[in-house]
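*Asks:* sequence? don't have it. structure:
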């Protein structure tokens, strides 16, 4: 991976922070080494029960404005063999769960969505000032003090993960709870998930269960034809999902 | 949810790019088209269009001065827009806007206009008094040498700049098309044909605008219209329009024949939410009808008066059609979900920052600037001297 200007500055700041704290008590962030992580997420479709806890937890943790979503849950209803016309709902992003599904022979399942923290992010590519960038540990972040609010990244995201914050007038999206994961915590959505359907994963950590998960299950990413290098891996993703 | 049909990703419901972003390619298209018309005389030696040479350049300048305003007004943080100049992100097509714009404005248009008008400016700086005299003296930039040799140098340098200007005009508008055409997430935009279609539609709109302005100003100033000039411009408009229409139809046929995953969704959108603006206004009224009108002037022997009427009608329809084309690209590209399972709607507000009033103001502003430029730099000096 080539080092971007922003990446270099962030690394330098981290190094300076680590050096300055060498003689005293280190903050948890100072012990965090970006180069030692490569963050991703796994989602087990069969485990998601559509409770909406993840959406609520995310909204509270990140003060997500009403009507906008850093993460949301979709309910798919697919009639046998009719992959091209699934019925999809996401009332209020699935925040308050879903009404009972109509009795039918169709299969129904839930699909949690969030920023895919793509390795080849179209949003990072198009940002005219570099306010959207990929951190050295694989998380796509937004510098809200730098974002000009042109919305080109919103157009470029194939997954609909970005929105303009109505008060800040800058773009906002899932940060993979960067403020938490750099302190050794998991994301708010993963913590709130009662079934463990969502799991934060560190692809650079050889002891992370993600390796066994990816080795032993059939996994897929959303819209693989977009070739974005998505790092949100879905187990048992149905072909009807888009 | 209001205005939503089917399923949209929750963050997609709200449209991101408004009518102001429709104006941006429309205005830059007029700039590029007007400049290319001017280059016909300068580089390709089409002497018949000489009466519109200066008018076309001033039109391009007037619209180019306004081109960044819709973008600026649209930004969430306009005060940070200079960051695009200071720390441009090199992988972003949009980051190049400032440089492409400045190149075209400062290196091409302003210098070419100055060189062409230099002798007039020197003459006016000597004859005018008061504030206008002061302005002309300022515009001479201290160069008052109008000897035949210096004029020859002006002419040669001006020619070289026009030669550079043609690819620059292509770059300016092809680049705008690229901003849309390179968004792979959006099936309505993502086609390599987009920059080329934008370019030819730019030429069409720019030529039509200068044609109308020439007729309008001549009528207003009770000046006789040079029919040879008008016929020649109309002929070029007809030819370029045919190429533009063919390219757009190629895109359409390709989409229909290929019928990829997005086709059903886009097809439904064109038949419903975009039907009026795309099929009726853009294709029938804004493309087919003006092409037929222009074709009639090419194959039938018509009186001057009738030809003028047909040119005016074709010009107006063309400008409306190209505006509809920009609308359908920008707004249409946001009406359908990237899941291809639903549609949203766009409501143009009235008196808001990105509303109808602002849009109309930004469309009228270049005409006001052009009026000022025409006063300052009369395009037809023989009358000025009289």
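*Replies:* In hand now; what should we look at? As the structure is a computational prediction, the values presented were derived from the model and not from experiment.
*Asks:* for the rest of this, base every contact and every neighbour count on C-alpha atoms.
*Replies:* OK.
*Asks:* residue B:218: neighbour count?
*Replies:* 14 (other CA atoms under 10 Å in any protein chain shown).
*Asks:* residue contacts, it?
*Replies:* Taking CA atoms under 8 Å, 6 or more residues apart in numbering or on different chains as the contact definition, residue B:218 lies against B:224-225.
*Asks:* any idea how far it is from chain A?
*Replies:* 41 Å (CA to the nearest CA, to the nearest Å).
*Asks:* would you list the phi and psi of that residue?
*Replies:* Dihedral pair for residue B:218: phi -60, psi -40, per degrees, to the nearest 10.
*Asks:* separation between it and residue B:231?
*Replies:* Distance, residue B:218 to residue B:231, by CA to CA, to the nearest Å: 15 Å.
*Asks:* cool, residue B:54 as well?
*Replies:* Remark: distance between residue B:54 and residue B:231 (CA to CA) = 18 Å.
*Asks:* could you do residue B:214 as well?
*Replies:* Going from residue B:214 to residue B:231 by CA to CA gives 12 Å.
*Asks:* hmm, residue B:113 is touching residue B:55, no?
*Replies:* No. Between residue B:113 and residue B:55 there is no contact under CA atoms under 8 Å: 10.3 Å.
*Asks:* these two: which has the busier surroundings?
*Replies:* Comparing residue B:113 with residue B:55 by other CA under 10 Å, the one with more neighbours is residue B:55, at 26 against 16.
*Asks:* tell me how many other residues crowd the residue nearest to the more buried one when sequence neighbours are not counted.
*Replies:* Leaving aside its sequence neighbours, residue B:55 sits nearest to residue B:379 (CA to CA, 6 or more residues apart in numbering or on different chains; 5.8 Å). Neighbourhood size, residue B:379 [other CA under 10 Å]: 20.
*Asks:* what of residue A:183?
*Replies:* Look at residue A:183: counted by other CA under 10 Å, it has 14 neighbours.
*Asks:* what's the pLDDT at it?
*Replies:* On pLDDT, residue A:183 comes in at 96.
*Asks:* where does it land in three-state SS?
*Replies:* coil (DSSP: H, G, I helix; E, B strand; the rest coil).
*Asks:* where's it relative to chain B, distance?
*Replies:* The gap separating residue A:183 from chain B is 29 Å, by CA to the nearest CA.
*Asks:* list the buried residues of stretch B:341-353.
*Replies:* Of all the residues in stretch B:341-353, those buried under the rule 16 or more other CA atoms under 10 Å in any protein chain shown are B:341-346.
*Asks:* next up, phi/psi of the residue positioned nearest the centre of chain A, please.
*Replies:* The centroid of chain A falls nearest to residue A:115 when counting by CA atoms, centre = their mean (3.6 Å). Main-chain dihedrals, residue A:115, degrees, to the nearest 10: phi -60, psi 140.
*Asks:* residue B:326 against residue B:20, yeah?
*Replies:* No. Here residue B:326 lies out of contact with residue B:20, judged by CA under 8 Å, at a distance of 10.8 Å.
*Asks:* who's more crowded, these two?
*Replies:* Counted by other CA under 10 Å, residue B:326 and residue B:20 do not tie: residue B:20 has more neighbours, with 26 against 23.
*Asks:* quick one: the more buried one is in a helix?
*Replies:* Yes. Using three-state DSSP, the assignment for residue B:20 is a helix.
*Asks:* name all residues that make contact with it.
*Replies:* Contacts of residue B:20 by CA under 8 Å, 6+ apart are B:70-71, B:73-74, B:354, B:359.
*Asks:* in ChimeraX, select just the buried ones from those.
*Replies:* Restricted to buried positions by 16+ other CA under 10 Å, the ChimeraX selection for those reads:
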select /B:70,71,74,354,359
